[in-house]
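Chemist: Structure for the following, please:
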Amino acid sequence: MRCGWSFAPSARTLSLMSVPATFRQLSAEGISVQNLRTAHRRGDLRRPWRGVYALDTDEISRVQALFTLLPAEARLSGPTAATWYGFGVSPSPLIHVTIPQGYAHPRLTGVRAGESVLPLPEPIWLHGVPLLPPERVAVTLTRTVRRIDALPILDAALRADAVSLDLLAAELVTHGGLRGVCQARELVPLADGRAECRQESQLRLVIIDGGLPRPEPQLEVGRFRLDLGYEELKVGAEYDGQTHLTHDRLRHDRYRGNWLAAQGWRMRHFTDRDLYAHPTRILTTLRPLLTPWR
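Modeler: Numbers count the residues shown, from 1 in each chain. As a prediction, the model looks like this:
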């Protein structure tokens, strides 16, 4: 609690203020409207949402405060929940929540609320906030985002150890008949937690969707690891992003590339332009190297 309050809060009030509290809760502790306004004006209290007071306005505090305004059955969901679980590869500036059918949607700036067509499972509690289970979050996102953005979510969820393939498969069963479930059914078996970034997952998907053999993520070759590789053919494919543009990284990449070439490896490198604007270039570049698989 910050110093400088114009009233002496009770032990109960201090307990309330360890998490966001509504005006009604604070009033029940004998704190007047004038005292609240004074504390807010002086910066001792913040008001992340109308009628809710908190000590801070960081993301966790804002979400905690938001849930004082929502039905008890509401759950944090979507990209927001994915970020909290550690697989937020497609973040959103909005706070995403799921509410039961029949409840009024909150009309709050920065909040996106949706109704669940599936029964709401028991929540997972993080920071005092109820979340949809990670497997529900991962499969729902996989159903509803673009295909190119869906596999990175599954890969990241596995890498974060938030889900397992068995959990994802079991969750898929409950989504039968829902929009995008066919996409999710196709992608869950392709998920691999070894992928280290979103673009690696997307590059792998372009290769597989193009009819080429499934490459192995993070293939170890000597003391190096390839983003994607075919060990028997000694063919590697890598995504080069902004981190590859520094002098230190360039020197390392040149040494690494020369060593791999000396071992008989044929490496091909791709950028964001290939991945997002001209994905067919990736296929036409790799296909001749993989002809023994045809």
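Chemist: measure Leu118 to Thr140 for me?
Modeler: Using Cβ to Cβ, to the nearest Å, we find Leu118 at a distance of 9 Å from Thr140. Glycine gets a C-beta too; all of them are placed from N, C-alpha and C.
Chemist: if you count what's nearby, which of the two comes out ahead?
Modeler: Neighbours were tallied for Leu118 and for Thr140 using other Cβ atoms under 10 Å; the higher tally belongs to Thr140 (25 against 13).
Chemist: Just the local confidence number for that one, please.
Modeler: Among the per-residue scores, Thr140 holds a pLDDT of 98.
Chemist: What about it? Give its phi and psi, please.
Modeler: In terms of degrees, to the nearest 10, the main-chain angles of Thr140 are phi -60, psi -40.
Chemist: Contacts only, for it.
Modeler: With contact taken as Cβ atoms under 8 Å, 6 or more residues apart in numbering, Thr140 is in contact with 77-78, 132, 175.
Chemist: what packs against the helix or strand containing Arg47?
Modeler: Assigned by DSSP states H and E, Arg47 falls within strand 46-49. Contacts of strand 46-49 with other secondary structure elements, assessed using 3 or more Cβ pairs under 8 Å, 6 or more residues apart in numbering; DSSP states H and E, are made with strand 52-54, helix 59-66.
Chemist: And the last one, what's buried?
Modeler: Same thing as helix 59-66. Residues 61-66 are the ones in helix 59-66 that count as buried (16 or more other Cβ atoms under 10 Å).
Chemist: And stretch 124-140, by the same measure?
Modeler: Applying a neighbour-count criterion of 16+ other Cβ under 10 Å, the buried positions in stretch 124-140 are 124, 129-140.
Chemist: what's the most distant pair in the residues you listed?
Modeler: Val129 and Val139 (20.5 Å; Cβ to Cβ).
Chemist: Extract the C-alpha trace of stretch 199-211 and format it as PDB.
Modeler: Only the C-alpha atoms of stretch 199-211 are listed here, as PDB (Å, rounded to 0.1, in the frame of the first residue of the first chain):
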ATOM      1  CA  GLN A 199       8.300 -18.600 -38.800                       C
ATOM      2  CA  GLU A 200       9.900 -22.000 -38.400                       C
ATOM      3  CA  SER A 201       6.500 -23.500 -37.900                       C
ATOM      4  CA  GLN A 202       5.100 -21.600 -40.900                       C
ATOM      5  CA  LEU A 203       8.000 -22.700 -43.100                       C
ATOM      6  CA  ARG A 204       7.400 -26.300 -42.200                       C
ATOM      7  CA  LEU A 205       3.700 -26.000 -43.000                       C
ATOM      8  CA  VAL A 206       4.400 -24.500 -46.400                       C
ATOM      9  CA  ILE A 207       6.700 -27.400 -47.200                       C
ATOM     10  CA  ILE A 208       4.200 -30.000 -46.000                       C
ATOM     11  CA  ASP A 209       1.200 -28.300 -47.700                       C
ATOM     12  CA  GLY A 210       3.200 -28.200 -50.900                       C
ATOM     13  CA  GLY A 211       3.400 -32.000 -51.000                       C
END
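Chemist: list the buried ones in it?
Modeler: Applying a neighbour-count criterion of 16+ other Cβ under 10 Å, the buried positions in stretch 199-211 are 199-208.
Chemist: how distant is it from the center of its chain?
Modeler: Relative to its parent chain, stretch 199-211 has a centroid offset of 19 Å by Cα atoms, centre = their mean, to the nearest Å.
Chemist: pLDDT below threshold where in the stretch 151-294 of the chain?
Modeler: Applying pLDDT under 70 to the stretch 151-294 of the chain picks out residues 244, 292-294.
Chemist: hmm, try it at 90
Modeler: Filtered on pLDDT under 90, the stretch 151-294 of the chain yields the residue ranges 241-250, 291-294.
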